[in-house]
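**Student:** Take this sequence and fold it.
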Amino acid sequence: MTTRYLTKPVSTLRKSFTMDDMKGTTGIVPEDKCANTHATGDKIESVELRLNEDDVNGRSVELTSKKDSYVLMRDCNASTRLTAQHYLWKDLLGYLIHPDIPTGFDDLKIADVATGNGIWLHDVSRSKSTSAELHGFDISLDQVGPKAWLPANIRMHIWNIFDEPPPQFIGYFDIVHVRLITVVVKNNDPQPVLANLAKLLKPGGYLQWDEVDTISSSIKTVPGVSGSSLNKLYSQLKGNNTRDDTWVTLIEKSRVHTTDCHFSWKYRLTEILDENGFTGSLLYTYEYGHGLARLWNDIYVSTWKEFANNVLKTPRMSEDLERKGMEEARNGAAIMTPKLVWVTRKE
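**Tutor:** The predicted structure is shown next:
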């Protein structure tokens, strides 16, 4: 089979290939502007992109992402959900950065991993001096605005959390923040992710890791109201609905884990942190009351809807389940999920 090597200007490459076209490829990013594509027949095997920070609308492409396995959406509705979700988290926690983490120096360097649309960094930037460096990392920056509209001290970078961090950021940050990456953790083992997060931190730097307690979640209702449809859709989102073979088959085909044992690492994370180069690890648990239950419930239904559209792809079944679930919510039922925050310091 013939092997072809193609050399094109970056602008031509970007018009010729999309990320969907290059799923499953790997790449590295040196500094000069060119792109080499290694193809066998019509199959792209690897892509070496050479871009600088201004080549992708002000976004730094440190490493070419591997296949994007994100199971939710990145459209305007998804970004709106991320923004609303951020402010609910902030209201519940009462902080952006945990008060145990020192932040009172001007040249603070902060990383937000799995930054999404960057809302957490935007909020942090309002209370930090312009000399502070705020860096967002994600496998996709489709939800982030252009560089010209970002605060001067925010920089965004494409990075796959399972790849080696860009060399210029190893041992660079005082604080690394990560939130809601449960779906990223593979084989019930957070250590590969943790190892790369640790590499970003300076010795003595702090990690703040925020998650939802999917195992302790429940459906709360006022007396006499059913929550069965909400329970079913949330079970689909968590990937543990074993009472409906149709859904289980779809979830398995989408390669989403199907039992709560996939999430049990959260109950061991404090010990895992202390056994892997961190010290003084503490877990904080937060629960919201019934007053905000409907707001949180709608966030989870919205998240499930993205999952259903992007992964399950059974619109009639999903529309019916959403209709029934939201009827239950209007009558007085809600998904209730505690929040977990780990704070730890790198040795």
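
**Student:** List the contacts of residue 204.
**Tutor:** 345-346 (CB atoms under 8 Å, 6 or more residues apart in numbering). Just so you know, the C-beta spots here come from the backbone N, C-alpha and C atoms, and that holds for glycine as well.

**Student:** Make sure residue 281 is indeed in a helix.
**Tutor:** No - secondary structure assignment (DSSP: H, G, I helix; E, B strand; the rest coil) places residue 281 in strand, not in a helix.

**Student:** Tell me who's in contact with it.
**Tutor:** Contacts were defined as CB under 8 Å, 6+ apart; by that measure residue 281 touches 269-271, 273-274, 342-344.

**Student:** What segments of this protein are strands?
**Tutor:** With DSSP state E as the definition, the chain shows strands at residue ranges 3-8, 34-40, 43-50, 60-61, 109-113, 133-138, 154-158, 173-179, 201-212, 218-221, 278-286, 333-336, 339-346.

**Student:** Pipe those strands into TSV and attach mean pLDDT and distance to residue 101 per row.
**Tutor:** TSV is the format used below for the strands of the chain (pLDDT from 0 to 100; distance: least, CB to CB, whole Å):
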stretch	mean pLDDT	distance to residue 101
strand 3-8	34	45
strand 34-40	36	40
strand 43-50	37	35
strand 60-61	46	25
strand 109-113	98	10
strand 133-138	98	15
strand 154-158	97	19
strand 173-179	98	6
strand 201-212	98	4
strand 218-221	97	31
strand 278-286	98	11
strand 333-336	98	28
strand 339-346	98	6
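
**Student:** For residue 100, find the nearest of the ones you listed.
**Tutor:** Shortest distance between residue 100 and the strands of the chain, using CB to CB, is found for strand 339-346: 5.2 Å.

**Student:** Run the chain-centre distance for that closest one.
**Tutor:** Taking the mean C-alpha point of strand 339-346 and that of its whole chain, the gap between them comes to 16 Å (CA atoms, centre = their mean, to the nearest Å).

**Student:** what's that strand packed up against?
**Tutor:** Helices and strands in packing contact with strand 339-346 are listed as helix 76-93, strand 201-212, helix 269-274, strand 278-286; criterion 3 or more CB pairs under 8 Å, 6 or more residues apart in numbering; DSSP states H and E.

**Student:** That one versus strand 201-212: what angle between them?
**Tutor:** 170 degrees (axes from the mean of the first three to the mean of the last three CA atoms, to 10 degrees).

**Student:** re earlier: highest mean neighbour count out of the helices and strands packed on strand 339-346?
**Tutor:** By mean neighbour count, with neighbours taken as mean count of other CB atoms under 10 Å, strand 201-212 ranks first of the helices and strands packed on strand 339-346 at a mean of 20.

**Student:** quick one: which of the strands of the chain is nearest residue 295?
**Tutor:** Comparing those against residue 295 with CB to CB, the closest turns out to be strand 333-336 (9.1 Å).

**Student:** So, low pLDDT: which residues of the stretch 101-250 of the chain?
**Tutor:** The model of the stretch 101-250 of the chain has pLDDT under 70 over residues 240-250.

**Student:** all helices for it, in order.
**Tutor:** Secondary structure of the stretch 101-250 of the chain by DSSP state H, counting those that start in this stretch: the helices cover 119-125, 191-200, 228-238, 245-253.

**Student:** Same list (those helices) but as a markdown table, adding distance to residue 317 and mean neighbour count.
**Tutor:** Conversion of these to a markdown table gives the following (distance: least, CB to CB, whole Å; neighbours: other CB atoms under 10 Å):
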| stretch | distance to residue 317 | mean neighbour count |
| --- | --- | --- |
| helix 119-125 | 32 | 21 |
| helix 191-200 | 33 | 19 |
| helix 228-238 | 10 | 22 |
| helix 245-253 | 8 | 15 |
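
**Student:** Out of those, which is closest to residue 328?
**Tutor:** With CB to CB, the closest approach to residue 328 among those belongs to helix 228-238: 5.4 Å.

**Student:** just how off-centre is the closest one within its chain?
**Tutor:** 21 Å.

**Student:** neighbouring contacts of it?
**Tutor:** 214, 217, 219, 241, 244, 247, 251, 260, 263, 297, 300-301, 303-304, 307-308, 312, 321-322, 324-325, 327-329, 333-335.

**Student:** export stretch 335-347 as PDB, just CAs?
**Tutor:** Written as PDB, here are the backbone C-alpha positions of stretch 335-347 (Å, rounded to 0.1, in the frame of the first residue of the first chain):
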ATOM      1  CA  ILE A 335     -32.700  14.800  41.300                       C
ATOM      2  CA  MET A 336     -30.500  15.500  44.400                       C
ATOM      3  CA  THR A 337     -26.800  15.000  44.100                       C
ATOM      4  CA  PRO A 338     -24.200  16.000  46.700                       C
ATOM      5  CA  LYS A 339     -21.000  17.800  45.600                       C
ATOM      6  CA  LEU A 340     -17.500  16.700  46.500                       C
ATOM      7  CA  VAL A 341     -14.400  18.900  46.700                       C
ATOM      8  CA  TRP A 342     -10.900  17.600  47.400                       C
ATOM      9  CA  VAL A 343      -8.100  20.000  48.400                       C
ATOM     10  CA  THR A 344      -4.600  18.700  48.500                       C
ATOM     11  CA  ARG A 345      -1.000  19.900  48.300                       C
ATOM     12  CA  LYS A 346       1.800  18.500  46.100                       C
ATOM     13  CA  GLU A 347       4.800  17.400  48.200                       C
END
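
**Student:** Return the set of buried residues in it.
**Tutor:** Within stretch 335-347, the residues that qualify as buried are 335-346, counting by 16 or more other CB atoms under 10 Å.
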